[in-house]
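# Starting from these lines, generate the structure:
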Amino acid sequence: MGRSSGGSGRKVYRRVSKRKDIEKQWRKGTARWQYAGEGETEGDTVDRKLGAPRLGQLVNEEGEREALVVQTGGPDILLQDGDTFKKARPRRSTTTENENATLVAIGDIVRYQDMDDEEGVITHVFARESFLLRTSIRDAEYAQVLVANVDQVIVTVAATDEMLRPGLIDRYLVAAAMGGLHAHICINKIDLPDDEEDREFVEEIAAMYRDLDYTVVLTSCITGEGLDELRGLLHEKLSVLSGHSGVGKTSLLNLLIPELDEKTAELSDQSQRGMHTTTRSTLYELPDGGFIADTPGIREFGLFQFDADDLHTYFPEFVHFADGCRFPSCTHTHEPDCAVKEAVEREEIHPLRYRNYLQILESEDEG
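Numbers count the residues shown, from 1 in each chain. Below you'll find the predicted structure:
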């Protein structure tokens, strides 16, 4: 995996961050925390594995190996070490280099110790070089990491009135930029608009983002439109498909990876549990090179550690005009002589993008 262990058998101190203020209740006789409350799915519970990692835990790395996390979302995490798959779980002494966030996510590089031929225990999680995350639905001070250490996110929506949500697209674009990821947009189910007006709306949304230098791919799993373009976008990259439930991510994956059922069965056999696409996060190898992560469909997307003063910097067209505002700290909402608002009036900034900016400001401030 390209990391040095610092010498065989040498004991080292790892400086790690301790997750704080997490309401928890120990369930006797099990190896996990139980969290009370409504609205938390099985996929969300992986965020809260085993409580806080210890600060400055003394670790003996002798006998440990590095592996890639390829599946999360159930009681077991699936690791890939070369050609070998292994079930694993973290323990209360597992250390991490990632503060106030999901302990283990797909794409993570971890160290583990063998327990037997099939199972291991995760001892340490290395720092993430990139990530896509959102605010946990249970704790605003805690980040739910959807995927780690990938190159790009393919924000996936569908060409229907209820699924083509530019507001959600913009949240993803902001989160991707915050996490050091390139972002592209896939508008799937392009075969569904059945009249010219609906198709024009889809084309207008696509043009809005293309004008901002985002790559937008229009795809259909029925007609095959755009699939070759999508394959080219994914070639030799580490990517993640992410979006609202029901936009067709699984159908796209089935076409991108013809043997997906076999791969799913293989991983399911390794974890000895069936995989459900709405609760598991899985990393697959693409036939033409590269990897792609499938993540559960999301219901809400809160921006973690949101700073209202920085939001405009993630809207590239705003930055072009912001220096012309009267006030250096202009929020582009109510201030006089705001160059961004003037650009919106001249339609040099798309009014829909500006509306999405205001909605993010309002909703995150309320949160």
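# what kind of secondary structure is Y172 in?
Of the three states, Y172 takes helix under DSSP: H, G, I helix; E, B strand; the rest coil.
# Tell me how many other residues surround the closest residue to it other than its chain neighbours.
Nearest residue to Y172 in three dimensions, chain neighbours excluded: V155, at 4.3 Å (CB to CB, 6 or more residues apart in numbering). To be clear about C-beta, it is placed using only N, CA and C from the backbone, and glycine gets the same treatment. Neighbourhood size, V155 [other CB atoms under 10 Å]: 28.
# strand partners of the strand or helix carrying V155, parallel vs antiparallel please.
Using DSSP states H and E, V155 maps to strand 152-158. Applying DSSP bridges, strand 152-158 is found paired with strand 182-188 (parallel), strand 238-243 (parallel).
# Point out where the stretch 1-150 of the chain drops to low pLDDT.
1-62, 137 (pLDDT under 70).
# Name the SS class of V110, please.
Note that with three-state DSSP, the state of V110 is strand.
# Please, which helix or strand holds L358?
In this structure, L358 is located in helix 351-366 according to DSSP H and E.
# these two touch, right, P258 and Y284?
No: the pair P258 / Y284 is not scored as a contact, 11.7 Å apart, by CB atoms under 8 Å.
# more crowded one of those two?
Y284 (20 against 10).
# ok, now which ones touch that one?
Residues counted as contacts of Y284 (CB atoms under 8 Å, 6 or more residues apart in numbering) are 253, 257, 260, 263, 291-294.
# now with 7 Å?
By CB atoms under 7 Å, 6 or more residues apart in numbering, the contact list for Y284 reads 257, 263, 291-292, 294.
# Spell out which helix or strand contains it, please.
Per DSSP H and E: strand 281-285 holds Y284.
# Direction included, what does that strand pair against?
Partners of strand 281-285 in its sheet, by DSSP bridges: strand 65-72 (antiparallel), strand 291-294 (antiparallel).
# Make a markdown table from the ones you listed and add mean neighbour count to it.
Listed next are the strands paired with strand 281-285 as a markdown table, based on neighbours: other CB atoms under 10 Å:
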| stretch | mean neighbour count |
| --- | --- |
| strand 65-72 | 22 |
| strand 291-294 | 23 |
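# Quick one: closest of these to F301.
strand 291-294 (16.6 Å; CB to CB).
# Show me what the helix or strand just after the closest one is packed against.
Using DSSP H and E, the helix or strand that directly follows strand 291-294 along the chain is helix 316-322. Packing contacts for helix 316-322, counted by 3 or more CB pairs under 7 Å, 6 or more residues apart in numbering; DSSP states H and E, involve helix 339-345.
# For the helix it packs on, could you pull out the residues that count as buried?
Using 16 or more other CB atoms under 10 Å as the test for burial, helix 339-345 gives 339-341, 343-344.
# Mind giving me the packing neighbours of that helix?
helix 316-322.
# how about the helices of the stretch 151-300 of the chain, start to end?
166-178, 196-210, 227-234, 249-256, 260-271 (DSSP state H, counting those that start in this stretch).
# ok so, going back, and the buried residues of helix 339-345, which is closest to A183?
Distances from A183 to these, taken by CB to CB, are shortest for V340, at 21.5 Å.
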